[in-house]
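S.K.: Here is a sequence together with a model predicted from it:
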Amino acid sequence: MGPLSKKNRSGLAFGCCLAVIAAIVTPTAAAASSGSASTSETGASAPPPAERHGGLQALCFVSSDRPDREHTIHLPAEVANLLVRITLSYRGPCADYGQSAPRGKGTLTAYSQSEHGRPSAIGLVFPDRTLIGLPTDPPSDGQWCFDKNADGTTDPMTECTDGYGSTLQLSEHFKSSVDTQFTYLLINWNPMGHPPMHVYDSPHFDIHFYLNANSERLKIRTGPCGELVNCDDFELGKVLPPAKYNPPKYEFTGAVAPGMGNHLINTDAPEFHGQPFTHSWIQGTWNGKVTFYEPMVTKAWFAGLIDGTRPSRCFPIPPAQAVQAGGWYPTRYCLRHRDNRHEITASLEDFDYRQAA
């Protein structure tokens, strides 16, 4: 037998690794199915129910020598924990990757995870190096500017808004196979934050998960009203969905932005009462409809995930009494660092199926 090629050696190593996994799983699977296996996850809450199969957890297996190959397998929690430590594997079924865009020294990529038509995560993933070299001057990419004082120029400090934006479509496979209203992400990097000042003026990311069409969003024009929005569009933004579709305490504060829509804010949030802004939840609306979900997260919080001063955690999404369109809706948003992959995820998780009401 001649020497193995690099491709064949990689394939052999991958197959041997799977064989070792099978040997580990066989004696423990029975215990897992009887309920003795733990479902805890270091630094975060237990995997959502969509990731459990007869006591086993879904894991996307990725070997270090073939990072381009991903395979969904189901394992007891202790085996999944081990593989996350010693390989490039990550929790949940393997992702469907959507569009990517450059940012800093890295990229921003939309992803989704689902099995059998049920989503377990919709999110944003980016390598640690994305936080290096983020643009700061001017404070926006100039896509959404308006000459408010009619002097023939647009001041990048006072007459431009929305920071540096990237629109990322979710994968076509996910959109066609899962009954959900979420279809794309809009990620805005705000190097100087945004209004209200002394509340959200820290460098941060706005991570919008949109339910309405991108073409509808792009029709929200710039102008002198609200946050540099067209005044007719500002009036449309003020038309709120009926109260049952909005979480309690989420109010209109005038934050209608071009190319985005209206942002309903909970003014009981800690950052409105003397506490530093770290991350917060926004509900987006436009002309009587709920149009996006949005966690806002500071650069400092993401940096803390990387250096270990912040743990990976999930947070409850404030629930509304009803939804306007049926489908899968998340109940938590999660901010995590994958130490083995040197990347960060910001995701919507723990989906419930809700009928329109």
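M.R.: Structure's in. What do you need?
S.K.: list the contacts for G142?
M.R.: G142 makes contacts with 154, 156, 160, as judged by CB atoms under 8 Å, 6 or more residues apart in numbering. Quick note: C-beta positions are derived from backbone N, CA and C, even for glycine.
S.K.: Kindly list the main-chain dihedrals of the residue lying closest to the first one once chain neighbours are set aside?
M.R.: What it means is T154. Distances taken as CB to CB, 6 or more residues apart in numbering put C145 closest to T154, at 4.2 Å, once the chain neighbours are dropped. Main-chain torsions, C145, degrees, to the nearest 10: phi -130, psi 150.
S.K.: Please report how far C145 lies from L82.
M.R.: Distance of C145 to L82, computed by CB to CB, to the nearest Å: 52 Å.
S.K.: of those two, who's got more company?
M.R.: Neighbours per residue, other CB atoms under 10 Å: of C145 and L82, the larger number sits with C145, 21 against 15.
S.K.: got a pLDDT number for the more buried one?
M.R.: C145 carries a pLDDT score of 98 in this model.
S.K.: ok, it - contacts?
M.R.: 154, 156, 159-161, 222, 228.
S.K.: between the contacts of G142, which is nearest S140?
M.R.: C160 (4.3 Å; CB to CB).
S.K.: tell me, how many neighbours does that closest one end up with?
M.R.: 20.
S.K.: who's in contact with it?
M.R.: Neighbours of C160 in contact, by CB under 8 Å, 6+ apart: 138-140, 142, 144-145, 154, 228.
S.K.: likewise F209?
M.R.: 122, 182, 185, 292-294, 348.
S.K.: Please tell me the pLDDT value assigned to it.
M.R.: 98.
S.K.: Name the nearest residue to G254, sequence neighbours excluded.
M.R.: G226 (5.8 Å).
S.K.: hang on, that neighbour packs against F252?
M.R.: No: using CB atoms under 8 Å, G226 makes no contact with F252, being 10.5 Å away.
S.K.: Neighbour count: the two, which is higher?
M.R.: The neighbour comparison of G226 against F252 (other CB under 10 Å) goes to G226, with 23 against 16.
S.K.: Let me see the confidence value for the more buried one.
M.R.: 93.
S.K.: lowest-confidence helix or strand of this structure?
M.R.: Taking mean pLDDT, DSSP states H and E as the measure, helix 6-33 is the helix or strand of the chain with the lowest mean score, a mean of 43.
S.K.: how about the strands of the stretch 251-357 of the chain, start to end?
M.R.: Along the stretch 251-357 of the chain, the segments classed as strands by DSSP state E, counting those that start in this stretch run 261-266, 279-286, 289-298, 313-316, 327-338, 343-354.
S.K.: Many thanks, I have nothing further to ask.
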